[in-house]
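[1] coords below, sequence missing:
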């Protein structure tokens, strides 16, 4: 299988600019998983950096995640069908999707904090699909959490987990990976059917407990649906 890391310069011809946005995702609070004292997300002015601070996060017994501060490009849960803003066919000749992912955690994680740092990639069957069909996660840092499901095998020597929560959740664990990530190849390595289409990249931290901060340094995305479509670059 091809490596996940790619050379940034290879995928950046003339581009059509889009922009990722800072998502203050507190879905775990909304579904009763826990609470927090403070929570902010933002795009740092004058840079491509994503930043989030949170404090006093507590998790109820038997629950999983409370917060997911993230930089979002493309589809987001609750948006309906993905449309065509971000649509990359895994089997389209000339297609690609990638991101520059360099997470930097502040040194104020407590010993009992529960968290991870991840890419969360969403796939649909078509631009008109109203429900997601596949979720692919790349875990690069974690503490006190395990992926959903169980280990189903290995890809490029890394654990591949599979779980089902109404859709497929595939997780590759690759500790301390950072830099330019080939998201299309990540999905193929995780076993997503080649007929699927990537519709979103979310990058951030799932938080179960604690008080801390996260920065994604120079975060950006790039994608192209096929050989004839324009390259798009989100920053």
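    Here it is on my side, so go on. In this text the structure is predicted, and so the values were computed from the model without any measurement.
[2] following the lengthiest strand in the chain, which helix or strand comes up?
    Among the elements of the chain assigned as strand by DSSP state E, the one spanning the most residues is strand 197-216. For strand 197-216, the succeeding helix or strand toward the C-terminus, using DSSP states H and E, is strand 220-224.
[3] what about the residue lying farthest from the centre of the chain, which SS state?
    Relative to the centre of the chain, and counting by Cα atoms, centre = their mean, the farthest-placed residue is residue 228 at 26.5 Å. Look at residue 228: counting by DSSP: H, G, I helix; E, B strand; the rest coil, its state is coil.
[4] so who does it touch?
    By Cβ atoms under 8 Å, 6 or more residues apart in numbering, the residues touching residue 228 are residue 94. (Each C-beta comes from the backbone N, C-alpha and C, glycine too.)
[5] Now do the longest strand of the chain and strand 220-224, the angle between them.
    With axes from the mean of the first three to the mean of the last three Cα atoms, to 10 degrees defining the directions, strand 197-216 sits at 170 degrees from strand 220-224.
[6] Quick one: name whatever helix or strand follows the lowest-mean-pLDDT helix or strand in the chain.
    The element with the least model confidence among the helices and strands of the chain, by mean pLDDT, DSSP states H and E, is strand 15-18, at a mean of 51. Going down the chain from strand 15-18, the next helix or strand is strand 21-23, by DSSP H and E.
[7] mind listing what that following strand pairs with, with the direction of each?
    Sheet pairing here is set by DSSP bridges, and for strand 21-23 it gives strand 70-74 (antiparallel).
[8] what does the partner strand rub up against?
    Outside strand 70-74, the residues that reach it (Cβ under 8 Å, 6+ apart) are 18, 20-23, 25, 41, 43, 50, 82, 85-86, 99, 120, 122, 198-205, 216, 219, 221, 234.
[9] again, but for stretch 30-37
    Outside stretch 30-37, the residues that touch it by Cβ under 8 Å, 6+ apart are 26, 28-29, 54-60, 63-67, 208-209, 211.
[10] If we use 10 Å, what do you get?
    Contacts with stretch 30-37, where a contact means Cβ atoms under 10 Å, 6 or more residues apart in numbering, come from 26-29, 54-67, 207-211.
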